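[1] when you get a sec, could you give me coordinates for this:
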Amino acid sequence: MNFDTLSTFQTIADCGSLTKAAARLRISQPALSRTLRLLESELGFSVFDRTGNSLHLNRNGEKFLNTVRKILSEYHACIGELRESNGISSHMIIITFSSVGNAIPYLTYAFRKLHPESTYTLRSGRFSRSDTSTNFFIMSSYHPIADKFHTLLAKEPLYMTVSSRNPLSHARQLKLSAMKGETFLYSGEENDMYETQLYFCEQAGLSPVAENIVSKQNVLLMLIRLNMGISLLPRIETEMVKQIPVSDIPCFRYVYLIRNPNTFQPALCREFEKFTIQYFKNTYR
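    From the prediction side, this is the model:
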């Protein structure tokens, strides 16, 4: 048993299926199944209950996972601290985001002007407790989150977003509950906006239609420009689109920065965290 095996187990536990875990780890499912079998053989007991294609931690697995998280977190923190104390500086900042993707290039550009040595890996994805490489996650939610891991960056209003050719574009305000006859376009499920749109539309009595879920943001905006649907979105800068305040339901999204608790943050990352908080405060005030 080694750290790679423990990390793999943690990923399987977080994903809840071998198919999803194999895709995240970018290995074949048979290879992942062999790793899990060898782990359980070495432990002498099973850590998952199997139901169809799903895996659920049993009592053994839950206890083992708690210990594995502590071991991996302390291991990565120790290695990071030792590298920094020995003058081995990391200039790489890894950011995984499921929200405000359009703002991240400007954020990193502004930080690099102050720290030319900084380099970046930018990934589209959601927060994962098994991720031990990402330094920061940027995500959003339709409700406030109050805990020590989430730092609020911005509270953004959401607008009915329609084509400038749509008759609705002439309105000063729109009721979300009055949009039942419109073709509503939802962001893809991998984007935090999907859950936010779904929540507010359910509050207004709207139900999503499967064929109206659009994974790519640029495709969604193109469909709106072509007057093939409307959506609920934060402020965007694009042509041939009109954004109108919602009058019947307060619609906001809360944007958060999460410092990965499983990864050691070198000095440059600590500077980036402070800079990001101030950057969003200046940009979204």
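[2] which stretches of the stretch 51-200 of the chain form helices?
    Under the criterion DSSP state H, counting those that start in this stretch, helices of the stretch 51-200 of the chain are mapped to 59-85, 104-114, 192-203.
[3] tell me the buried residues in the first one?
    Just to be clear, that refers to helix 59-85. Across helix 59-85, burial judged by 16 or more other CB atoms under 10 Å covers 60-61, 64-65, 68-69, 72-73, 75-76, 80, 84. Just so you know, the C-beta spots here come from the backbone N, C-alpha and C atoms, and that holds for glycine as well.
[4] with stretch 187-205 instead?
    For stretch 187-205, by 16+ other CB under 10 Å, it's 187, 191-198, 200-201, 204.
[5] can you check stretch 271-285 too?
    Within stretch 271-285, the residues that count as buried by 16+ other CB under 10 Å are 271-273, 276, 279-280.
[6] nearest to Asn102, of the residues you listed?
    The nearest member of these to Asn102, counting by CB to CB, is Phe280 at 13.1 Å.
[7] just the element for that closest one, please.
    Applying DSSP states H and E as the criterion places Phe280 in helix 267-283.
[8] who does that helix touch, helix- and strand-wise?
    Counting by 3 or more CB pairs under 8 Å, 6 or more residues apart in numbering; DSSP states H and E, the packing neighbours recorded for helix 267-283 are strand 92-97, helix 104-114, strand 136-141, strand 150-157, strand 252-259.
[9] rewinding a little: okay, the buried residues of stretch 187-205 in JSON lines with distance to Phe3 and pLDDT next?
    Below are these laid out as JSON lines (distance: CB to CB, whole Å; pLDDT from 0 to 100):
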{"residue": "Ser187", "distance to Phe3": "36", "pLDDT": "92"}
{"residue": "Asn191", "distance to Phe3": "32", "pLDDT": "88"}
{"residue": "Asp192", "distance to Phe3": "31", "pLDDT": "92"}
{"residue": "Met193", "distance to Phe3": "36", "pLDDT": "94"}
{"residue": "Tyr194", "distance to Phe3": "34", "pLDDT": "93"}
{"residue": "Glu195", "distance to Phe3": "33", "pLDDT": "94"}
{"residue": "Thr196", "distance to Phe3": "37", "pLDDT": "96"}
{"residue": "Gln197", "distance to Phe3": "40", "pLDDT": "95"}
{"residue": "Leu198", "distance to Phe3": "38", "pLDDT": "92"}
{"residue": "Phe200", "distance to Phe3": "43", "pLDDT": "96"}
{"residue": "Cys201", "distance to Phe3": "44", "pLDDT": "93"}
{"residue": "Ala204", "distance to Phe3": "48", "pLDDT": "91"}
